[in-house]
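1. Fold the following.
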Amino acid sequence: GDVNWDSTAYNMVLVNETNSFLDDHFATRPDDPFFAYVALGSAHIPHSPPDSYLDGEKVAGETPTNFLDMLKEMDLVVGSLVQSIEERGIAEDTIIIFTSDNGGLPNRHTDSEPLGHTTGGPLRGYKGSVF
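-> Down below sits the predicted model:
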């Protein structure tokens, strides 16, 4: 990737692009079903939280670690996307699947284990583990 790319904006770009997709879809094909795959980067390193979210809510520095700040932003992103679905009046006809791709990061990448948060909870292994 581009070494000058600002990863702090990634998730907010996804929100804006998803909203643009929905606007276009409902303007051109309102009666057709749609599929939107939104792959958030919140849990991926580098953990570079934005200073603030789209609505101005502060993100960076709001929790003890950058990783937890990113989880806060992820919550804001998911909330924004759900709100977009609700505002369009299609929540009753929409399936939202929220899942992880392949396990959490090793705790050494999150600095959050001493705070009681582990990425995999009680599960063994992490992203890249082989069993």
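
2. In the protein, what residue spans correspond to helices?
-> Applying DSSP state H to the chain gives helices spanning 10-28, 66-87.

3. got the buried residues for the shortest one?
-> Looking back up the chat, that one is helix 10-28. If you call a residue buried by 16 or more other CB atoms under 10 Å, then helix 10-28 has these buried ones: 10-12, 14-15, 18-19, 22. Every C-beta, even on glycine, is put in place using the N, C-alpha and C of the backbone.

4. Check the last one too.
-> When neighbours are counted by 16+ other CB under 10 Å, the buried residues of helix 66-87 are found to be 66-74, 76-78, 80-81, 84-85.

5. from those, which single one is nearest Thr99?
-> Val78 (12.0 Å; CB to CB).

6. Show the model's pLDDT score for that closest one.
-> The model reports Val78 with a pLDDT of 96.

7. so it touches Phe98, yeah?
-> Yes. Val78 lies in contact with Phe98 (CB atoms under 8 Å); the separation is 6.8 Å.

8. and for the two, which residues touch both?
-> When contacts are counted by CB atoms under 8 Å, 6 or more residues apart in numbering, Val78 and Phe98 have no shared neighbour.

9. mind putting the helices of the chain in a markdown table, distance to Val130 included?
-> Formatted as a markdown table, those follow (distance: least, CB to CB, whole Å):
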| stretch | distance to Val130 |
| --- | --- |
| helix 10-28 | 28 |
| helix 66-87 | 24 |
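
10. Now do the contacts for Asn102.
-> If you count contacts by CB under 8 Å, 6+ apart, Asn102 has them with 127-128.

11. Just the local confidence number for it, please.
-> Asn102 is assigned 72 on the pLDDT scale.

12. what does Ala9 give?
-> Confidence score, pLDDT, at Ala9: 89.
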